[in-house]
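Student: What follows is a protein structure lacking sequence information:
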């Protein structure tokens with residue numbers, strides 16, 4: 001896909017590498033990898049790829065340098081700290097590990113460093129191997145974005161209490177860079193079909209039942225080749241319920257009327273709640289509320305048990321889950337199933353109805369290692385193939401809905417897809433960003449207690465890109481690069 005994209009370039013792409021100056025050996029390797037990659041790109045794009053390496057700190061006039069850096073920061077290009085010596089913190093310097101691409105009247109930029117494997121501040125031991133492995137993917141993706149005149153179309157489903165726009169603000173903003181993003185209310189009287197040009201549907205944490213006609217519209221969208229990302233909470237379990245329930249509540253089934261469909265397609269999201277010893281922390285009051293201490297909260301697992309052989313889940317930072325449910329696969333002829341993400345080796349689950357009690361933060365009530373006896377439970381699964389319609393055994397219902405105008409009226413009820421992709425995730429909150437007390441959205445994946453930004457957005461974006469990818473670009477994420485000595 002990269003070679004084909006480059007050969008088709010009609011105008012000049014100006015690429016600027018801001019990682020310059022006096023660099024540590026590992027940062028120099030990253031700079032070298034970027035220039036070598038662009039030299040390879042020139043083999044296919046010819047003079048339509050032009051690049052240079054420029055260190056903003058090399059501008060001699062201080063006023064001009066400050067103004068140039070201010071302009072970079074307005075574009076989201078920021079300097080980061082690095083230490084020339086791992087043992088001497090006085091050796092701090094700053095670099096701009098970014099690339100920008102200009103094409104006609106447009107500009108796009110992205111960071112060279114992979115945050116998960118090169119945490120800040122950088123030092124001589126910061127390992128650039130993953131960042132270099134992702135370089136072709138990130139460059140090709142950026143070139144495709146900036147040169148693509150027509151963005152693909154994706155849609156969020158509404159009508160069942162799904163996450164709202166402010167809760168989807170961060171993921172929505174990132175998607176709008178690459179896609180046309182819209183919302184389709186399945187339960188609106190005017191919704192009879194999903195437009196065929198829609199590359200993927202995103203169903204993000206529905207809270208109430210789907211109607212039969214809503215299910216039929218989704219089913220027929222899949223049957224004509226559409227792709228779906230399901231983010232489902234099959235159990236009613238929210239942290240706020242602990243506050244209103246005096247420190248405990250019962251997690252019960254959430255009736256959504258979609259599990260029969262999912263079973264037909266090849267998986268089911270179970271009505272249970274995961275506990276994982278590998279988890280984030282919450283602040284717990286002590287001394288009559290005068291102070292707070294951090295305690296593990298097993299209902300918020302840190303999920304980093306990725307399938308390292310798949311481009312969706314390779315080279316992704318850990319994901320933070322919240323009241324996660326497991327996903328089981330069912331044998332369906334012709335459907336390939338790939339587990340993308342699982343719990344840790346010290347995990348278990350509670351089947352609903354289950355009592356959720358705040359006292360689990362106390363070591364006296366926390367599960368022992370022996371009680372974490374259901375390790376490596378799948379929580380995100382990819383299904384691919386020619387799906388059978390969930391209405392195939394309900395033909396009278398399908399006929400009635402089709403005659404009422406639901407589904408595609410340019411043909412009959414579709415019983416089998418030509419080939420589609422679905423991703424089923426047992427966590428509706430995986431793409432939900434925090435909304436503060438003022439009603440302002442925050443970053444997706446940020447955890448202020450842990451002081452860390454988890455990889456929720458990268459994982460979700462990879463899922464959506466895989467569903468929409470017709471050219472195999474995302475496969476370049478899985479490439480291994482072996483570093484040569486300088």
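Tutor: Good, I have the coordinates. In this text the structure is predicted, and so the values were computed from the model without any measurement.

Student: Run through the strands of the stretch 101-250 of the chain in chain order.
Tutor: For the stretch 101-250 of the chain, applying DSSP state E, counting those that start in this stretch gives strands covering 106-111, 153-158, 180-185, 198-204, 227-231, 235-236, 248-253.

Student: What strands flank the fourth one, and is each parallel or antiparallel?
Tutor: Strand pairing for strand 198-204, using DSSP bridges, gives strand 153-158 (parallel), strand 227-231 (parallel).

Student: Looking at it now, give me its mean pLDDT.
Tutor: Taken as a whole, strand 198-204 has a mean pLDDT of 98.

Student: residue contacts, the closest residue to residue 175 other than its chain neighbours?
Tutor: Counting by CB to CB, 6 or more residues apart in numbering, residue 181 is the residue found nearest to residue 175 once chain neighbours are left out, at 5.0 Å. No exception for glycine: its C-beta is placed from N, CA and C like everyone else's. For residue 181, the contact set (CB atoms under 8 Å, 6 or more residues apart in numbering) comprises 154-156, 172, 175.

Student: what is residue 181 paired to in the beta sheet?
Tutor: Beta-bridge pairing of residue 181 under DSSP bridges involves residue 154.

Student: May I have the predicted confidence score for it?
Tutor: pLDDT, residue 181: 96.

Student: Helix or strand with the lowest mean pLDDT in the chain?
Tutor: Among the helices and strands of the chain, helix 240-244 carries the lowest confidence by mean pLDDT, DSSP states H and E, at a mean of 84.

Student: Report the buried residues of that one.
Tutor: residue 242 (16 or more other CB atoms under 10 Å).

Student: Tell me which residues are up against that helix.
Tutor: 248-249, 356, 358.

Student: And these, which two are furthest apart?
Tutor: Spanning the widest gap among the contacts of helix 240-244 are 249 and 358, at 9.5 Å by CB to CB.

Student: follow-up on the earlier one: highest mean neighbour count out of the strands paired with strand 198-204?
Tutor: Per-stretch averages of neighbours, counted by mean count of other CB atoms under 10 Å, single out strand 227-231 among the strands paired with strand 198-204, with a mean of 25.

Student: could you give me the average pLDDT of that one?
Tutor: 98.

Student: Equivalent analysis for stretch 465-482, please.
Tutor: 72.

Student: ditto for stretch 83-93
Tutor: 70.

Student: where exactly do the helices run in the stretch 51-200 of the chain?
Tutor: Counting by DSSP state H, counting those that start in this stretch, the stretch 51-200 of the chain has helices at residues 62-74, 129-133, 135-147, 169-178.

Student: Quick check: which of those helices is buried the most?
Tutor: A comparison of the helices of the stretch 51-200 of the chain by mean neighbour count, using mean count of other CB under 10 Å, puts helix 129-133 on top with a mean of 22.

Student: Can you give the distance of it from its chain's centre?
Tutor: 19 Å (CA atoms, centre = their mean, to the nearest Å).

Student: So which elements touch that helix?
Tutor: helix 25-45 (3 or more CB pairs under 8 Å, 6 or more residues apart in numbering; DSSP states H and E).

Student: Since that was my last question, I'll sign off now.
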